[in-house]
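S.K.: coords please:
(one chain, ligands or ions: 1)
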Amino acid sequence: MLDNLSDKLDILFKKLRGQGVMTEENIKEALREVRLVLLEADVNFKVVKDFVERIRERSVGGQVLQSLAPGQQVIKIVQEELVALMGGGEDNSLDLAAKPPVAIMMVGLQGAGKTTTCGKLARLLRSQRRRPLLVPADVYRPAAIEQLKTLGRQLSIETFDSQATQDPVDICRDAIRFASLNGFDTVILDTAGRHQIDEYLMGELVRIRDAVEPREILFVADAMTGQEAVNVASGFNEQLDLSGVILTKLDGDAKGGAALSIRAVTGKPVKFVGLGEKLDALEVFHPDRLVSRILGMGDILSLVEKAQATFDEKEAERLQQKLKKNQFDLEDFRTQLQQIKKMGSLESILGMIPGVGKMMKQMQGAQPSERELKRIEAIIDSMTPAERANHAIINGSRRLRIASGSGTTVQEVNQLLKRFTEAQKVMKQLQKLGPKGLMRGMKG
Ligand code: GDP
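M.R.: Numbers count the residues shown, from 1 in each chain. Below is the predicted model of the structure:
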């Protein structure tokens, strides 16, 4: 996820970190590089311009230049501004407090992932004790109605019995009435999409909106289409006044252009992100956590939440306690890796563990895979319990023994230990600062 962007920022930050003294000239150069990285990531031109300007304003002041680690200060500013750019600190929760049934209208182009996301959202809302009704209102695309009904069956969530011969506005109105009579508190309307914005479609969407007055109008955007997604979102926003955006396929997006600019361009918050084809691959959007992932600091909060959802309560509790007490050791590291296999998409999970995503890449120069995971496990397996509990005792001869025991090289053992130490550092900071302070206090 967002690998290109992540790699480029990594290179830039390494350079900045090494700089003991900074001058206005250095800062100018760094800003030029930030600008390039963002443009290459397909971030909207104007957004880049404003972003760089904000960093410049905050960086050129005497405080940054005179601080002990000016490079670090600039990195911190870039981090904070990235979070702010994506709407960090704003309330992006769904507005569902009104008298039920509350309608959520899903809009977007064909292929963006609208129908799938309706199913995912219904599933998520049910896990929050709501009672959702799925409503197929796309009468144009053959099989769209059937697709949603199938999703509903898979999830055991009721789907309104629409017919392709009906008028979409009538379907939505009838569905609300049906929901109200049958005790559904949330109605998710899957509206029609087109390959591009057209007037007829917009007219229909406006009529549906006026007929059912949804609390939420969510634009479903395919993150992989970058600026195109941002432009289309603006178009929909002008006509419908969106309440938010759901970014799908972030799992397959290497650049991050849509993720970084859609909030700034439309002024509307990203509320959820889609991270895979499976029906559980929808997450509430947390800008600070995404920035942590992009910057390779991992995303322990999401990991713990995911762990809570997947593992038994006791295991999750144990992990949290360990994190709290700052006792996270190689044994836990290994347990986590083993649990990962149970948690679905390897790639999305790996990025959440501080240092692990990068370590995999360094070891193999490729996408992490089950095989590499096994290597890491093999290395940890070849350690004694004492070594796993306290990695500081692992000296040169122990490293040699571990490498030969696990069929790896000393270099690979070294890499693992280095990354693990970094992971521990992040944990420590997390512990010291609490979740909110993580970004602010990061020392890189
Ligand atoms: P619609 O035309 O907008 O209703 O799009 P669909 O819901 O039919 O989805 C189009 C394709 O995108 C399907 O193959 C989905 O499985 C896929 N898809 C949807 N969301 C995601 C996501 O978050 N990640 C990935 N990798 N694929 C997704």
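
S.K.: hmm, what's the outermost residue in the protein?
M.R.: Residue farthest from the centre of the chain, counting by CA atoms, centre = their mean, is S397 at 41.2 Å.

S.K.: ok, and what's touching the helix or strand that contains that one?
M.R.: Taking DSSP states H and E as the criterion, S397 maps to helix 396-406. Residues outside helix 396-406 that contact it (CB atoms under 8 Å, 6 or more residues apart in numbering): 375, 378-379, 381-383, 387, 394, 409-410, 412-414. C-beta here means a position set from N, CA and C on the backbone, and glycine is covered the same way.

S.K.: Now, those residues that are in helices?
M.R.: Under the assignment DSSP state H, these contribute 375, 378-379, 381, 387, 410, 412-414 to helices.

S.K.: From those residues, keep the buried residues only.
M.R.: Among the ones in helices among the contacts of helix 396-406, those classed as buried by neighbour count (16 or more other CB atoms under 10 Å) are 375, 379, 387, 412-413.

S.K.: The helix holding S397: which residues count as buried?
M.R.: 398-399, 401-403, 406.

S.K.: just stretch 277-294 next, same as before
M.R.: Of all the residues in stretch 277-294, those buried under the rule 16+ other CB under 10 Å are 279-283, 285-294.

S.K.: How about stretch 11-23?
M.R.: Within stretch 11-23, the residues scored as buried using 16+ other CB under 10 Å are 12-13, 16, 19, 22.

S.K.: how about the CA coordinates for that stretch, as CSV?
M.R.: C-alpha atoms of stretch 11-23 as CSV (Å, rounded to 0.1, in the frame of the first residue of the first chain):
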residue,chain,number,x,y,z
ILE,A,11,15.0,8.3,1.1
LEU,A,12,14.3,12.0,1.6
PHE,A,13,14.0,11.6,5.4
LYS,A,14,17.2,9.6,5.7
LYS,A,15,19.0,12.5,4.0
LEU,A,16,17.4,15.1,6.3
ARG,A,17,18.1,13.0,9.4
GLY,A,18,21.8,13.1,8.6
GLN,A,19,21.9,16.8,8.5
GLY,A,20,23.3,18.3,11.7
VAL,A,21,23.2,21.8,10.5
MET,A,22,20.6,23.3,8.2
THR,A,23,20.5,26.5,6.3
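
S.K.: Give me the contact list for that stretch.
M.R.: Applying CB under 8 Å, 6+ apart, the external contacts of stretch 11-23 come out as 26, 30, 33-34, 37, 64-65, 69-72, 74-75, 78, 295, 444.

S.K.: any idea of the mean pLDDT for that stretch?
M.R.: For stretch 11-23, mean pLDDT rounds to 79.

S.K.: And it, how far out from the chain middle?
M.R.: Relative to the centre of its chain, stretch 11-23 is centred 28 Å away, using CA atoms, centre = their mean, to the nearest Å.

S.K.: State the helix or strand in which G88 lies.
M.R.: Going by DSSP H and E, G88 is not part of any helix or strand.

S.K.: Can you give me every residue that contacts it?
M.R.: Contacts for G88 (CB under 8 Å, 6+ apart) come out as 287-288, 291.

S.K.: mind checking pLDDT for it?
M.R.: On pLDDT, G88 comes in at 93.

S.K.: can you give me the strands for the stretch 1-150 of the chain?
M.R.: With strands called from DSSP state E, counting those that start in this stretch, the stretch 1-150 of the chain shows them at 102-107, 132-137.

S.K.: and of the ones you listed, who's closest to the ligand?
M.R.: Taking CB to the nearest ligand atom, strand 102-107 is the member of the strands of the stretch 1-150 of the chain nearest to the ligand, at 8.7 Å.

S.K.: Determine the set of other helices and strands touching the closest one.
M.R.: Here strand 102-107 touches helix 114-127, strand 186-191, helix 199-212, strand 216-222, going by 3 or more CB pairs under 8 Å, 6 or more residues apart in numbering; DSSP states H and E.

S.K.: Pull up the pairing partners for that strand, direction included.
M.R.: strand 186-191 (parallel), strand 216-222 (parallel) (DSSP bridges).

S.K.: Derive a ChimeraX selection command for the buried subset of the contacts of stretch 11-23.
M.R.: Buried residues among these (16+ other CB under 10 Å), as a ChimeraX selection:
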select :26,30,33,34,37,64,65,69,70,71,72,74,75,78,295
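
S.K.: And the contacts of stretch 11-23, which is closest to the ligand?
M.R.: Looking across these and measuring by CB to the nearest ligand atom, the closest to the ligand is L295, at 22.0 Å.

S.K.: Which positions are bridged to the closest residue to the ligand within the chain in the beta structure?
M.R.: Taking CB to the nearest ligand atom, the ligand has its nearest neighbour within the chain at G274, 2.5 Å off. Taking DSSP bridges as the rule, G274 bridges to L282.

S.K.: Surely it touches K114?
M.R.: No - G274 is beyond contact range of K114, at 10.5 Å (criterion: CB atoms under 8 Å).

S.K.: And for L201, the neighbour number?
M.R.: L201 sits with 20 neighbouring residues when counted by other CB atoms under 10 Å.

S.K.: residue contacts, it?
M.R.: L201 neighbours (CB under 8 Å, 6+ apart): 192-194.

S.K.: Find me the pLDDT at the closest residue in space to R54 that isn't next to it in sequence, would you?
M.R.: Nearest non-adjacent residue to R54, counting by CB to CB, 6 or more residues apart in numbering: E81, 5.6 Å away. Per-residue pLDDT puts E81 at 94.
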